[in-house]
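Undergrad: sequence unknown, structure follows:
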DNA sequence: GTTTTACCGCGACGTGTGTCGCGTTAAGAT
DNA sequence: ATCTTAACGCGACACACGTCGCGGTAAAAC
C-alpha cells in the first residue's frame, strides 16, 4: 500500500529509465524557454502564467505543466541556462571603485523596467526551485567577484595574506545594503548609496574586519 | 525630523463618504484580525487564505474580500496594529554589543518556526499593501534603533557630533548582511554572522564611514 | 524497413479564488 | 422612537489553475 497519494512519477527521481530528449522534445523545450523571457519582460511576473507561456510558445498547457510543474520551475530553467555567461566584475583600479561599480550594477538591475531581477526574487518566494536556482546564480556571482578582493590584496590595499581574507564576507557587506534598501525596505533608489556602502565596506576591511588574524588584538 | 509619513487613509478616494465604523463593523474587524495570527502560525503563509480566515473568524468570505481585498491587505492591517508596541533595542554597554544583539534578534526572527517574518516578507512581494506596511514597520524599527548609535556617540565610541552621524546608514550596514544571507541568498543560518556583521559596521563607523565630515576628508 | 514507447496534443474535469446582486441587519442621525 | 443606509450575510457566478485519461506522433531501438 502506498503511504499517500504521491504521484512521484516524473519528479526528481531521474532514474535510469529510458528517455527521449532528441528532436521534438528539444524543440519544445527551446520554444517554451524562448517564450519565457519576452513574457517576463512584457508583463512581469504576474503575467508569466503557464497558460501565457503555452500560448506564446505554441506548446500545449499540459505539456508545460508536465515538464516544468510551475512558473518557478520555468524560471529556474532559464536562470540556470543564463548562469554560464561570461560576466566578470569591472576593474577600476581601486577596491572602492570596483565595489562601487558592482553596487551600481546591482542598483541598476533593481531599477530597470520591466523589473526582471525583482520578478526573479519575487518568484523565489513562491517556488523552491526558483529559490535554489537564484541561490546558485548569486553564489556563482559572488565567487566571480572574489577577484576584486584578490586584486585589492595584491595592491596591498588590504592587510593580511590572501588566504586569511574573507572575500565573500567583504562582498556581502558591500552589496547587502543596496539590496536591503531596495528589495526589503522598499525605499526609493538613492544615487549615493552604492558609493557609501562600498566606502563603508572598504573602511571596515582596511581595519581588518575581514582578515582572520591571531596576532592583532586592539583594545576592547 | 521629516519622516514624510503617507496619509493613513484606509481606502483611497471617497474620503467624505459617511462611514459607520462602530459596533458590528469593529467586532467583525477584530474577529478577522484575531483569526489571522493563529492561522499564520499554524499553516504559514500558504495556509493563510481568505477562505480560511473567513471560516475561522465566522465572518463571510465576501465581507473579508470587500474590506481587505486580499491576504496582503490583511497582513498590512495586523502589521500596522502590531507596530505600536513597546519594543526598544537592548543596551549592552557597547555599540558592537548592541548591534550584535540586534542582529541576533533578526537572525532568530528568520529562524523561528513557523516562519512568520519570512511569511510577511513573502507576502510583501505579492501585495503592495503588505509591502508598504512592512516598509513602515521597518522604518519605525530603524528609527527606534537610532538610540543605539546615539549612545555610542555619547560614549565617544564614534567620532563627530551627533547631528553629523548617519545612524540609519550605520544600522542598515550592520543588519543588512544578516537579512541578505538568509532571505535573498538563502544560506543556512551562520551563528557567527551577527557578530561579524556588527563588528564590520563598528570598524567602518570608527573610521568615519557614517560621519559626514565637511572639514577634513581623510584621503582622496 | 518494423516495433516499441517516450513524449506530446487534446479536451474534460475538479478545485480554489475573487466578484456580483440582492435581501437583511444594525449603526448613526433626526 | 423612527428613518436612512452602511455594512454584512448569503448564494450564485465567472474565471484561472492544475490534473487526468485517452489517443496520436515520432524518437530511438531493432
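TA: In hand now; what should we look at? Predicted, not measured: the structure shown is a model, and the values here were computed from it. Residues are numbered from 1 along each chain as shown, chains lettered A, B, ... in the order given.

Undergrad: would you mark the buried spots in stretch A:33-41?
TA: Of all the residues in stretch A:33-41, those buried under the rule 16 or more other C-beta atoms under 10 Å in any protein chain shown are A:33, A:35-36, A:39-41. Yep, even glycine has a C-beta here, placed from its N, CA and C like the rest.

Undergrad: what does that stretch rub up against?
TA: Residues from elsewhere that reach stretch A:33-41 (C-beta atoms under 8 Å, 6 or more residues apart in numbering or on different chains): A:47-48, A:52-53, A:56-57, A:74-75, A:77-78, A:81, A:114, A:116, A:119.

Undergrad: pLDDT of that stretch, averaged?
TA: Summarised as a single mean, pLDDT over stretch A:33-41 is 89.

Undergrad: who does the longest helix along chain A touch, helix- and strand-wise?
TA: Selection of the longest helix in chain A by residue count, based on DSSP state H, yields helix A:128-154. Where contact means 3 or more C-beta pairs under 8 Å, 6 or more residues apart in numbering or on different chains; DSSP states H and E, helix A:128-154 is packed against helix A:71-83, helix A:95-111, helix A:116-124, helix A:167-179.

Undergrad: in it, what's buried?
TA: By neighbour count on 16+ other C-beta under 10 Å, the buried set for helix A:128-154 is A:129-134, A:138, A:141, A:145, A:148-149, A:151-153.

Undergrad: following the chain onward from whichever helix or strand residue A:39 is part of, which element is next?
TA: Element membership for residue A:39 (DSSP states H and E) is helix A:23-47. Remark: after helix A:23-47, the chain's next helix or strand is helix A:50-57, criterion DSSP H and E.

Undergrad: how far off centre is that next one?
TA: Distance, stretch centre to chain centre, for helix A:50-57: 25 Å (C-alpha atoms, centre = their mean, to the nearest Å).

Undergrad: before we move on, what about stretch A:203-211?
TA: Computed by C-alpha atoms, centre = their mean, the chain-centroid distance of stretch A:203-211 equals 26 Å.

Undergrad: ok, stretch A:183-202 next?
TA: 18 Å.

Undergrad: and chain A, which residues reach chain B?
TA: Residues of chain A lying close to chain B (C-beta under 8 Å from any C-beta of the partner chain) are A:121-122, A:124-126, A:131-132, A:134-135, A:138-139, A:169, A:172-173, A:175-177, A:179-181, A:183-187, A:196-197, A:199-201, A:203-204, A:206-210, A:220.

Undergrad: and the closest residue to residue A:190 other than its chain neighbours, how far is that from DNA strand D?
TA: Among residues not flanking residue A:190 along the chain, residue A:181 sits closest, at 6.7 Å (C-beta to C-beta, 6 or more residues apart in numbering or on different chains). Counting by C-beta to the nearest atom of the strand, to the nearest Å, the separation of residue A:181 from DNA strand D is 31 Å.

Undergrad: does residue A:181 touch residue A:187 like I think?
TA: Yes: between residue A:181 and residue A:187 there is a contact at 5.0 Å, judged by C-beta atoms under 8 Å.

Undergrad: who's more crowded, the two?
TA: The neighbour count for residue A:181 versus residue A:187, taken as other C-beta atoms under 10 Å in any protein chain shown, is higher for residue A:181 (22 against 15).

Undergrad: and that one, what does it touch?
TA: By C-beta under 8 Å, 6+ apart, the contact set of residue A:181 is A:187, A:190, A:193, B:172, B:176.

Undergrad: 7 Å instead, please
TA: With contact taken as C-beta atoms under 7 Å, 6 or more residues apart in numbering or on different chains, residue A:181 is in contact with A:187, A:190, A:193, B:172.

Undergrad: give me the pLDDT value at the last one.
TA: Looking back up the chat, that one is residue B:172. 98.

Undergrad: quick revisit: the longest helix of chain A vs helix A:116-124, what angle?
TA: Counting by axes from the mean of the first three to the mean of the last three C-alpha atoms, to 10 degrees, helix A:128-154 lies at 130 degrees to helix A:116-124.

Undergrad: pull out the buried members of the residues of chain A next to chain B.
TA: Counted by 16+ other C-beta under 10 Å, the residues of chain A next to chain B give A:121-122, A:124-126, A:131-132, A:134, A:138, A:169, A:172-173, A:175-177, A:179-181, A:183-186, A:196-197, A:199-201, A:203-204, A:206-210 as buried.

Undergrad: hmm, stretch A:72-88 in reach of DNA strand D?
TA: No: Stretch A:72-88 is not in contact with DNA strand D by C-beta under 7 Å from any atom of the strand; minimum separation 9.3 Å.

Undergrad: again, but for stretch A:108-121
TA: No: in terms of C-beta under 7 Å from any atom of the strand, no part of stretch A:108-121 sits within range of DNA strand D; the closest distance is 14.7 Å.

Undergrad: and stretch A:23-38, by the same measure?
TA: Yes: applying C-beta under 7 Å from any atom of the strand, one finds stretch A:23-38 touching DNA strand D at A:23-25.

Undergrad: which of those residues tops the neighbour count?
TA: Result: residue A:25 is most packed of the residues of stretch A:23-38 next to DNA strand D (other C-beta under 10 Å), 13 neighbours.

Undergrad: so who does that residue touch?
TA: With contact set as C-beta under 7 Å, 6+ apart, residue A:25 has no partners.

Undergrad: gap between it and residue B:69?
TA: The gap separating residue A:25 from residue B:69 is 43 Å, by C-beta to C-beta, to the nearest Å.

Undergrad: please apply the same query to residue A:73.
TA: Residue A:73 is 29 Å from residue B:69, where distance means C-beta to C-beta.

Undergrad: likewise for residue A:64?
TA: As for residue A:64, its distance to residue B:69 is 30 Å (criterion: C-beta to C-beta).

Undergrad: ok, residue A:47 next?
TA: Residue A:47 is 20 Å from residue B:69, where distance means C-beta to C-beta.

Undergrad: could I get the phi/psi values of residue A:165?
TA: Here is the backbone geometry of residue A:165 (degrees, to the nearest 10): phi -100, psi 130.
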